[in-house]
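Visitor: A structural model of the following input is requested.
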Amino acid sequence: MNDQIETLLDAALLHVPFDGWSDEALKAAASDAGIDLATARALFPRGGVDLALAYHRRGDSQMAAKLASEDLSHLRFRDRIATAVRTRIEVAEDRELVRRGTTLFALPPYAPDGARAIWGTVDLIWTTLGDTSTDYNWYTKRATLAGVYSSTVLYWLGDDSPDAQATWNFLDRRIDGVMQFERVKGAVEKNPALRAVFAGPRAILSCIKAPVGTPKTDLPGYVTQPPRQQG
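Guide: Predicted coordinates:
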């Protein structure tokens, strides 16, 4: 079954630049691969949407495998994140395939699918890099990185600089901005007066927990009962 999925996806990639991630691309892929259309539709019930999601998941898997094969221990953590985002973009290779997917997931019916795909990518990046957070930081890390990743992909799609250097410079600037925010958070945690000011919000946030289980089928997680006030 998985072999047929991969075969159909490979065949579809030749047609997507012309037909987009569409039912037409699936039909052409089935014909090229010698797989009957009924089987193809069973594997990709929503046609082009499921093809595009399969392509995205393939890129995620390629990124994770490449990162696992490299020694990133000598890099600062912000550089490990930059490397992961750059790796994810580079494994896509064909900008037209990504551009067609971006257009598809910009449509209202498929926007939730696109959002889930991006969330899955950034979750995989953090997990691969060893993130062990279990509280609200699990969400803030992924939400922040989702913004960085999405904006960098859009920049890359329009970048004609040699070796996409302008894109990687853009990525570095975005990550620097995130790190400045993290430094502000750290300063708040270290300042007793500021900790007192934000005691209420922090108590509420402490009730938010990361999803549990593998796979994380209960996204977006759960909320525990807020702590009772003493006295």
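
Visitor: output the below-cut-off pLDDT ranges for the chain.
Guide: Residue ranges of the chain with pLDDT under 70: 1, 181-191, 193-209, 212-231.

Visitor: where exactly do the strands run in it?
Guide: For the chain, applying DSSP state E gives strands covering 208-209, 222-223.

Visitor: so for the spatially most central residue of the chain, what's the nearest residue that isn't a sequence neighbour?
Guide: Nearest to the mean C-alpha position of the chain, counting by CA atoms, centre = their mean, stands Thr121 at 2.3 Å. Leaving aside its chain neighbours, Thr121 sits nearest to Asp60 (5.5 Å; criterion: CB to CB, 6 or more residues apart in numbering). All C-beta spots, glycine's among them, are computed from the backbone N, C-alpha and C.

Visitor: hmm, that neighbour is touching Asp123, no?
Guide: No: with contact defined as CB atoms under 8 Å, Asp60 does not reach Asp123; the gap is 9.5 Å.

Visitor: how far off centre is stretch 33-43?
Guide: Centre-to-centre, stretch 33-43 and its host chain are 28 Å apart (CA atoms, centre = their mean, to the nearest Å).

Visitor: in CSV, list the C-alpha atoms belonging to that stretch.
Guide: Extracted in CSV, the C-alpha atoms of stretch 33-43 (Å, rounded to 0.1, in the frame of the first residue of the first chain):
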residue,chain,number,x,y,z
ALA,A,33,2.0,4.4,-12.9
GLY,A,34,-0.3,1.7,-14.3
ILE,A,35,-2.6,1.8,-11.2
ASP,A,36,-6.3,1.7,-11.7
LEU,A,37,-8.1,5.0,-10.8
ALA,A,38,-10.3,3.3,-8.2
THR,A,39,-7.2,2.3,-6.2
ALA,A,40,-5.7,5.7,-6.6
ARG,A,41,-8.9,7.4,-5.3
ALA,A,42,-8.9,5.0,-2.4
LEU,A,43,-5.4,6.0,-1.5
